[in-house]
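Trainee: Sequence and predicted structure, then a few things I'm wondering about:
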Amino acid sequence: MHTFERPPKEGDAQHTLLSMTTTPGLEAVVADEWRRKSAPAPCQTLPSGFMGRALIQTTLPPQPALGVARSMRSIHHIIEPLAATISPEPLTLDGLEAQVAASVPTSALLSAQTPFRVTANRRGTHPFTSEDVGRRLGAHFARHSGAPVNLGDPQIDLRIDIKDQSWTLGIQHTRTALSRRQQRPYNHPVSLRPDMAYAMLHTLGPDSPQTLADPFCGAGTILMEAASLWPDCQIWGSDWKRRAAQGAQANIEAMGLDAQVAIREADALTLSAHLAPHSQEAIVSNPPFGKRLGRGADYKTFFDAMLAQMERLLCPGGRAVLLIGRHGPFFDALKHRTGWQVRSKTRIHSGQRPLMVALERT
């Protein structure tokens, strides 16, 4: 990971403000992970105005705060906020440049020897593109500081995010997303991202399980994330497609986790033939939905059979976290079964907007 640094400013020790990007819907997971990792330093979460952003204010000084942020598993990028504005009128390039110039003193940000770039992300309807913003603000900062623009290897990456008439500007301290941490030879067509896998494991609760299963493992993202978090946990994964099971096995071996993680080619609806009854403390999985089950699939029957298998495998008090795309059939199946408590439901605002559902076996 390439990082971008600036020297601490006077007064930074009183509080440090960091903005962290994540999958929309996981903002609360980010805030909770921060509290766990930064304790006992006081912190508070602030409204960011952008979905997929967690804004943290902490009493940690800048460098220790960045150290905590770089250790986090639920985020993509770390941004040090510099300015934020809601424009009273629709934004134009001229108006945006004027507002940035009034909000961010260039002399305090860049010197003539500081190579930099401007990265722009835009949502909404505007008379300009993200590329237009990057070029205009890059020229503005270069003109007022004498600093050279370097798109390939900048010392400072200025990131501006625009949504409708709002914008935020900050220093991005990560070049490669922290969620791109699994280097693997096999990629499943619908693989989870590691930040989503972490969020599901995090949602299990603070106590690490001794045994965990993922019966729809795909490329093994959840398995690899769980093994990285809990080296003493025995982990079992399966997929009914041979190519996926073999690919997940290759990924596990590439990560050096094959002593901790076992992979099988198996149908998730017949797992009781492979695992002992009540042998699993946790099940974390992304069951198929959409094209993966085929046109005209009976999802209620599928979820009913899946829950029956989970009941056989989970020990009393066992926990499960599932990513559910077909909400209605799942909860219809769940209400006809006994011994389940729904602990939480979290809407994920990406893709097909699934629900992350946390269950407990009572």
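Mentor: Yep, that arrived.
Trainee: What segments of the stretch 51-200 of the chain are strands?
Mentor: Assigned by DSSP state E, counting those that start in this stretch, the strands in the stretch 51-200 of the chain fall at 53-58, 78-86, 116-123, 156-163, 166-172.
Trainee: Could you point out which of the ones you listed sits nearest Val284?
Mentor: Evaluated over the strands of the stretch 51-200 of the chain, closeness to Val284 peaks at strand 53-58, with 22.1 Å, by Cβ to Cβ. Yep, even glycine has a C-beta here, placed from its N, CA and C like the rest.
Trainee: right, so of the strands of the stretch 51-200 of the chain, which gets closest to Leu110?
Mentor: In this view, the strands of the stretch 51-200 of the chain are compared for proximity to Leu110 by Cβ to Cβ, and strand 116-123 is the closest at 6.0 Å.
Trainee: list the helices and strands the closest one packs on?
Mentor: Taking 3 or more Cβ pairs under 8 Å, 6 or more residues apart in numbering; DSSP states H and E as the contact definition, the neighbouring helices and strands of strand 116-123 are helix 130-145, strand 156-163.
Trainee: Output those as TSV; include the columns distance to Phe116.
Mentor: TSV is the format used below for these (distance: least, Cβ to Cβ, whole Å):
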stretch	distance to Phe116
helix 130-145	7
strand 156-163	4
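Trainee: Make a markdown table from these and add mean pLDDT to it.
Mentor: Written out in a markdown table, the entries for the helices and strands packed on strand 116-123 read as follows (pLDDT from 0 to 100):
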| stretch | mean pLDDT |
| --- | --- |
| helix 130-145 | 97 |
| strand 156-163 | 96 |
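Trainee: Columns mean neighbour count and distance to Ala248 on top of the ones you listed, output as JSON lines?
Mentor: As requested, those are arranged in JSON lines below (neighbours: other Cβ atoms under 10 Å; distance: least, Cβ to Cβ, whole Å):
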{"stretch": "helix 130-145", "mean neighbour count": "17", "distance to Ala248": "36"}
{"stretch": "strand 156-163", "mean neighbour count": "22", "distance to Ala248": "35"}
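Trainee: Among those, which comes closest to Lys300?
Mentor: Of those, nearest to Lys300 by Cβ to Cβ is strand 156-163, at 38.6 Å.
Trainee: and that closest one with strand 166-172, angle?
Mentor: With axes from the mean of the first three to the mean of the last three Cα atoms, to 10 degrees as the criterion, the two stretches strand 156-163 and strand 166-172 enclose an angle of 160 degrees.
Trainee: Tell me which residues are up against stretch 279-289.
Mentor: For stretch 279-289, the surrounding residues in contact (Cβ atoms under 8 Å, 6 or more residues apart in numbering) are 192, 197, 200-201, 204, 209-218, 222, 226, 236, 268, 299, 302-303, 306, 310, 313-315, 318-326, 352, 354.
Trainee: Buried subset of these, written for ChimeraX?
Mentor: The buried subset of the contacts of stretch 279-289, as determined by 16 or more other Cβ atoms under 10 Å, is captured in ChimeraX by this line:
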select :192,197,200,201,204,209,211,212,213,214,215,216,217,218,222,226,236,268,299,302,303,306,310,313,314,315,318,319,320,321,322,323,324,325,326,354
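Trainee: show me where the chain has helices.
Mentor: Secondary structure of the chain by DSSP state H: the helices cover 27-38, 62-70, 93-103, 106-109, 130-145, 194-203, 221-229, 242-254, 299-313, 327-335.
Trainee: Please name every helix or strand in contact with the first one.
Mentor: Based on contacts counted as 3+ Cβ pairs under 8 Å, 6+ apart, the elements that helix 27-38 packs against are strand 43-46, strand 53-58, helix 62-70, helix 194-203.
Trainee: which stretches of this protein aren't confidently modelled?
Mentor: By pLDDT under 70, the weakly predicted segments of the chain are 1-13, 290-296.
Trainee: between the longest strand belonging to it and helix 221-229, how big is the angle?
Mentor: In the chain, taking DSSP state E as the definition, the longest strand is strand 314-324. Per the same axes, to 10 degrees, the angle that strand 314-324 makes with helix 221-229 is 120 degrees.
Trainee: just checking, Trp340 touches Ala358?
Mentor: No. In this structure Trp340 lies outside contact range of Ala358 using Cβ atoms under 8 Å: 10.9 Å.
Trainee: what packs against the longest strand of the chain?
Mentor: The criterion is 3+ Cβ pairs under 8 Å, 6+ apart, and the helices and strands that strand 314-324 contacts are helix 194-203, strand 280-285, strand 355-361.
Trainee: could you redo the last one with a cut-off of 6 Å?
Mentor: Counting by 3 or more Cβ pairs under 6 Å, 6 or more residues apart in numbering; DSSP states H and E, the packing neighbours recorded for strand 314-324 are strand 280-285, strand 355-361.
Trainee: Can you give the contact residues for it?
Mentor: With contact meaning Cβ atoms under 6 Å, 6 or more residues apart in numbering, strand 314-324 is reached by 200, 203-204, 278, 280-286, 330, 354-361.
Trainee: next one: stretch 210-228
Mentor: Among residues not part of stretch 210-228, those counted as contacts by Cβ under 6 Å, 6+ apart are 182, 186-188, 191-192, 194, 197-198, 201, 233-239, 244, 247-248, 251-252, 255, 257, 260-261, 268, 271, 280-287.
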